[in-house]
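Enquirer: Just a sequence and a predicted model for now, questions to come.
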Amino acid sequence: QVQLVESGGGLVQPGGSLRLSCTASGRTNSRYVMGWFRQAPGEEREFVAAISRNGDLANYSGSSGGRFTISKDNAKNTVYLQVDSLQPEDTAVYYCAAREGTYSSPSSSGADYSFWGQGTQVTVSS
């Protein structure tokens, strides 16, 4: 089992940046493909980004527009999501997730992830 705790969300003006963090406990996250997803009010959960077990391969949503950067520090059991040029449509609860097993591919499917954090709210508004 692994527990995931996100942090770093908040209220930011359009054009601003945030760095979200997700720290794993219970096991090191070096075993896991890690992903970030988000869900806006009234919307389906959507994939944002994912990173391979050793951090050498990343996968991003086609709509990210190059504004998202995922990274991980296995020594700190933490995965990060840097989000730049934030827009009101980025407002959502952002969740991190861990995919257990020997898979190395950073999947974009939420169904592939076994463990989820509680989410951190990101609100983009002037």
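Expert: Now that the structure is in, tell me what you want to look at. Numbering: from 1, shown residues only.
Enquirer: give me every residue that touches the spatially most central residue of the chain.
Expert: Centroid check for the chain by CA atoms, centre = their mean gives residue 36 as the closest residue, at 2.3 Å. Applying CB atoms under 8 Å, 6 or more residues apart in numbering to residue 36 gives the contacts 20, 22, 48-50, 68, 70, 79, 81, 94-97. (Glycine included, C-beta is placed from N, CA and C.)
Enquirer: now with 6 Å?
Expert: Residue 36 makes contact with 48, 49, 81, 96, according to CB atoms under 6 Å, 6 or more residues apart in numbering.
Enquirer: By neighbours, which of the residues you listed wins?
Expert: For the contacts of residue 36, the largest number of neighbours (other CB atoms under 10 Å) sits with residue 96, at 32 neighbours.
Enquirer: heading toward the C-terminus, what's the first helix or strand past the helix or strand where that one lies?
Expert: Per DSSP states H and E, residue 96 falls inside strand 92-99. Of the helices and strands lying after strand 92-99 in sequence (DSSP H and E), the nearest is strand 115-116.
Enquirer: Give me the contacts around that following strand.
Expert: With CB under 6 Å, 6+ apart, strand 115-116 has contacts from 2, 4, 95, 97, 98.
Enquirer: Could you list the buried residues of stretch 19-34?
Expert: For stretch 19-34, burial by neighbour count (16 or more other CB atoms under 10 Å) applies to 20, 21, 22, 23, 24, 29, 32, 33, 34.
Enquirer: Which of the helices or strands spans the fourth one?
Expert: By that I understand residue 23. Assigned by DSSP H and E, residue 23 belongs to strand 18-25.
Enquirer: can you check the last one too?
Expert: Secondary structure from DSSP H and E places residue 34 in strand 33-39.
Enquirer: Packing partners of whichever helix or strand comes after that strand?
Expert: Next along the chain after strand 33-39, taking DSSP H and E as the criterion, comes strand 46-51. Judged by 3 or more CB pairs under 6 Å, 6 or more residues apart in numbering; DSSP states H and E, strand 46-51 is in contact with strand 33-39, strand 58-60, strand 68-73.
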